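>>> Prediction below, plus the sequence it came from.
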Amino acid sequence: MHDYGFLSVLPPVLAIILALRTKQVYIALIFGTWFGWLIINGWNVVTGTFATLEAFVNVFKSPGNTRVIMFSALVGALLLFIQYSGGVDGFMIGIGNFIKRIERKRNIKSRKFVQLLAMATGVILFVETSISSLTVGTLYRPLFDKLKIPREKLAYIADSTSAPSSILIPFNAWGAFIMGLLLTQGIKNPMMVLGNALLYDFYPVLTILLVFFIIVSKKDFGPMAKAEKRTRETGKLLNDNAHPLVSDTITSLESKPGIKLRAYNMYIPILTMVMMMPVYLLYTGWESVEKANGLTDHLVKAIGAGSGSTAVLYSVVTSLLVAMVLYRSQKIMKMKEMVELTLKGISELMPLALLMMLAFSISDVSNKLGTGIYVATQTKAWLTPQLLPFILFVISSFIAFSTGTSWGTFAIMMAIAVPMAHAQHANLYLVVAATIGGGVFGDHCSPISDTTIISSMASASDHIDHVRTQLPYALSMGGISAILYLILGYIMH
């Protein structure tokens, strides 16, 4: 490999700077990739530009990359199927009828129980963060209002259970995306690495635990405590100068007119997708097991050896087929409608697929430049393997906070983190976890994050008030996570 020295650092660094300055992650990734190929091609603008275009095409030469991108696009179709079939609305009605009985009691237990129910709903809808935030906000807002719970608290619960649950239960586009990034870094079994890394993904776990603790103990602190006091004493759900953030985007959860709303139209496809993933991991890894001590050992090793990208793709296709049969048997959709919804769903997720393509491209060019190896070599004097997880968590947090996107942060940072972990002989699982956790933490704090905005919108909360009341909770859990990475960096090395 040619030694590009300091030049190898410029593409990702410039991508970070451009992302921070413009808040346009797509442009930043394209520029970073182009600049990398410009360096490789001896600063020839023409050949460097052509090489960049070829690099985008070459992303699809990797079966793993292609499967991950296909999975993400098809998830868009599945989500539209679930919404159009009345599954989401059926789920909301079912939960709504259930909590009406709780509402009648009008005592302190019902207030606590409704908040716990909102939290559980956010975790259950782990397949997609936007649907989770929208459902929790729109479904529970009337009940929270009646029970005199501030809008800021609803936005906090919706926001703090969406992304954390999506990353901790990675049978979704989040998991597929991260596995794709790991695949580009030469990780042969990204599913196993991601699964082990999640054991150390402290921020999402601590965030969900804090939500539970705050609800049960009623020990709010910071601006949220003031919001609770305001609502309790005056009955005001919002501050006097608040401007609720409401949008027509909520109507995206409309069902097909005239059909019966059934919750199982959501449960069955989602459960099919989740349950089929380990099945397909067994299927793809079964023949790879050479030696095993009995059937149980063979099963465990087969799952570990299975192809994660293949499993997620096959699972979403199976889920779509099950959904088609389910909805056709109820005469909800005809074949023409299914085809149109599939195409529309794929088109809705095209920005996500584009982000994946760009992420894989900048990872590839960073590998060719030896970015991670160079950084690891240059920082050996002061950046020890023990400090690496902590440093990566802090940097990822800063980038995600500034850009408002955890996915863009993963795309930039994973190309640096994994090679550095190898070069520094640091614990790979801890490094990957720190990078992921930092991205989620920074995104959770950011006022320009899409999940933060959607949570404010669905809860009809003032956006700045939501950010202000949530920030102390996020910062406290982020601080504890950073300390844990610092401690475990020394213990596990």
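Arrived safely. Computed from a predicted model, the values in this text were never measured in an experiment.
>>> Can you tell me the closest non-neighbouring residue to the most centrally placed residue in the chain?
Compute the mean C-alpha point of the chain, and by CA atoms, centre = their mean the closest residue is residue 174, 4.4 Å away. Of all residues not flanking residue 174 in the chain, residue 166 sits nearest, at 4.9 Å (CB to CB, 6 or more residues apart in numbering). C-beta coordinates here come from the backbone N, C-alpha and C atoms, glycine included.
>>> Number of residues surrounding that neighbour?
By other CB atoms under 10 Å, 26 other residues sit near residue 166.
>>> Quick one: list the elements packing against the one helix or strand it maps to.
Residue 166 belongs to helix 151-168 when assigned by DSSP states H and E. For helix 151-168, the contact count by 3 or more CB pairs under 8 Å, 6 or more residues apart in numbering; DSSP states H and E identifies helix 108-124, helix 129-146, helix 173-184, helix 202-217, helix 223-234, helix 428-445, helix 450-459, helix 463-491 as packing neighbours.
>>> Using JSON lines, lay out those together with mean pLDDT and distance to residue 34.
Formatted as JSON lines, the helices and strands packed on helix 151-168 follow (pLDDT from 0 to 100; distance: least, CB to CB, whole Å):
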{"stretch": "helix 108-124", "mean pLDDT": "84", "distance to residue 34": "39"}
{"stretch": "helix 129-146", "mean pLDDT": "78", "distance to residue 34": "30"}
{"stretch": "helix 173-184", "mean pLDDT": "84", "distance to residue 34": "18"}
{"stretch": "helix 202-217", "mean pLDDT": "96", "distance to residue 34": "33"}
{"stretch": "helix 223-234", "mean pLDDT": "92", "distance to residue 34": "43"}
{"stretch": "helix 428-445", "mean pLDDT": "93", "distance to residue 34": "24"}
{"stretch": "helix 450-459", "mean pLDDT": "80", "distance to residue 34": "26"}
{"stretch": "helix 463-491", "mean pLDDT": "93", "distance to residue 34": "33"}
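>>> Looking at the ones you listed, which is nearest to residue 349?
Using CB to CB as the measure, helix 173-184 is the one of the helices and strands packed on helix 151-168 that comes nearest residue 349, at 7.8 Å.
>>> now whatever helix or strand comes next after the closest one: mean pLDDT?
Going down the chain from helix 173-184, the next helix or strand is helix 190-197, by DSSP H and E. Mean pLDDT, helix 190-197: 89.
>>> what residues does helix 190-197 touch?
If you take CB atoms under 8 Å, 6 or more residues apart in numbering as the criterion, helix 190-197 is touched by 64, 170, 175, 178-180, 182-183, 187, 281, 304, 306-309, 311, 428-430, 432-433, 436.
>>> Quick one: distance of it to the chain centre.
Helix 190-197 sits 15 Å away from the centroid of its parent chain (CA atoms, centre = their mean, to the nearest Å).
>>> and what of stretch 122-130?
Going by CA atoms, centre = their mean, where stretch 122-130 is centred and where its chain is centred differ by 10 Å.
>>> got it, and stretch 170-187?
For stretch 170-187, the distance to the chain centre is 11 Å (CA atoms, centre = their mean).
>>> Would you mark the buried spots in that stretch?
Residues of stretch 170-187 classed as buried: 170-185, 187 (neighbour count, 16 or more other CB atoms under 10 Å).
>>> With stretch 330-337 instead?
Those buried within stretch 330-337 under the rule 16+ other CB under 10 Å are 332-333.
>>> So for that stretch, first residue to last residue, what's the gap.
14 Å (CA to CA, to the nearest Å).
>>> Just the C-alphas of the helix holding residue 166, formatted as CSV.
Provided in CSV are the C-alpha atoms of helix 151-168 (Å, rounded to 0.1, in the frame of the first residue of the first chain):
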residue,chain,number,x,y,z
ARG,A,151,-45.9,18.2,26.8
GLU,A,152,-42.1,18.3,27.4
LYS,A,153,-42.3,15.1,29.3
LEU,A,154,-44.2,13.4,26.4
ALA,A,155,-41.6,14.6,23.9
TYR,A,156,-38.8,13.3,26.2
ILE,A,157,-40.4,9.9,26.4
ALA,A,158,-41.0,9.7,22.7
ASP,A,159,-37.5,10.8,21.8
SER,A,160,-35.7,8.7,24.4
THR,A,161,-37.3,5.4,23.4
SER,A,162,-37.0,5.7,19.6
ALA,A,163,-33.4,5.7,18.6
PRO,A,164,-32.1,3.9,21.7
SER,A,165,-34.5,1.0,21.1
SER,A,166,-33.7,0.9,17.4
ILE,A,167,-30.0,0.5,18.0
LEU,A,168,-30.4,-2.0,20.9
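>>> and the angle for it with helix 173-184?
40 degrees (axes from the mean of the first three to the mean of the last three CA atoms, to 10 degrees).
>>> Tell me if I'm right that residue 243 and residue 460 touch.
No. Counting by CB atoms under 8 Å, residue 243 stays clear of residue 460, with 10.3 Å between them.
>>> Please say which of the two ends up with more neighbours.
residue 460 (22 against 12).
>>> okay, now the residue nearest to that one when sequence neighbours are not counted: neighbour count?
Counting by CB to CB, 6+ apart, the nearest residue to residue 460 once its immediate chain neighbours are dropped is residue 244, at 4.3 Å. If you count neighbours by other CB under 10 Å, residue 244 ends up with 15.
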